[in-house]
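[1] Attaching a predicted model along with its sequence, questions to come.
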Amino acid sequence: MVMLLLSTCLPDCGFVHNKVRKEVYRPTQEQFKCINCKHEANADLNAARYIAMDDIE
């Protein structure tokens, strides 16, 4: 997994967000809002959850 993508992916739905629309899914440095499933989380916690998944490469 490319480390750069960790702040653009959501482990719940698997959607990868487009960097062009970063202001939509990352309204602040701390916030992450999925534009696919509407899940909201702390961006660092979201990345940590993605790293903790067993089936990513």
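    Sure thing, it's come through. Numbers count the residues shown, from 1 in each chain.
[2] quick one: low-confidence ranges for this protein?
    Residues of the chain meeting the criterion pLDDT under 70: 1-11, 19-20, 54-57.
[3] need the longest helix for it.
    helix 43-52 (DSSP state H).
[4] ok, and for that helix, which residues are buried?
    If you call a residue buried by 16 or more other C-beta atoms under 10 Å, then helix 43-52 has these buried ones: 43, 46-47, 49-50. Heads up, the C-betas are built off the backbone N, CA and C, glycines and all.
[5] Among those, which one lies nearest to Arg26?
    Nearest to Arg26 among those is Ala43, at 6.5 Å by C-beta to C-beta.
[6] check contacts around that closest one.
    With contact set as C-beta atoms under 8 Å, 6 or more residues apart in numbering, Ala43 has these partners: 7, 26, 29-32.
[7] do Gln31 as well
    Gln31 neighbours (C-beta under 8 Å, 6+ apart): 40, 42-43.
[8] which one of those residues is nearest Lys22?
    When the contacts of Gln31 are compared against Lys22 (criterion: C-beta to C-beta), the nearest one is Ala43, at 11.0 Å.
[9] Among the contacts of Ala43, which one is most surrounded by other residues?
    Counting neighbours by other C-beta atoms under 10 Å, Phe32 leads those with 23 neighbours.
[10] how much space between Arg49 and Phe32?
    In this structure, Arg49 and Phe32 are 10 Å apart, going by C-beta to C-beta, to the nearest Å.
[11] Same question for Glu23.
    12 Å.
[12] and if you look at Ala43?
    For Ala43 relative to Phe32 (C-beta to C-beta), the value is 4 Å.
[13] And Asp44, by the same measure?
    9 Å.
[14] all strands of this protein, in order?
    Applying DSSP state E to the chain gives strands spanning 31-33, 40-42.
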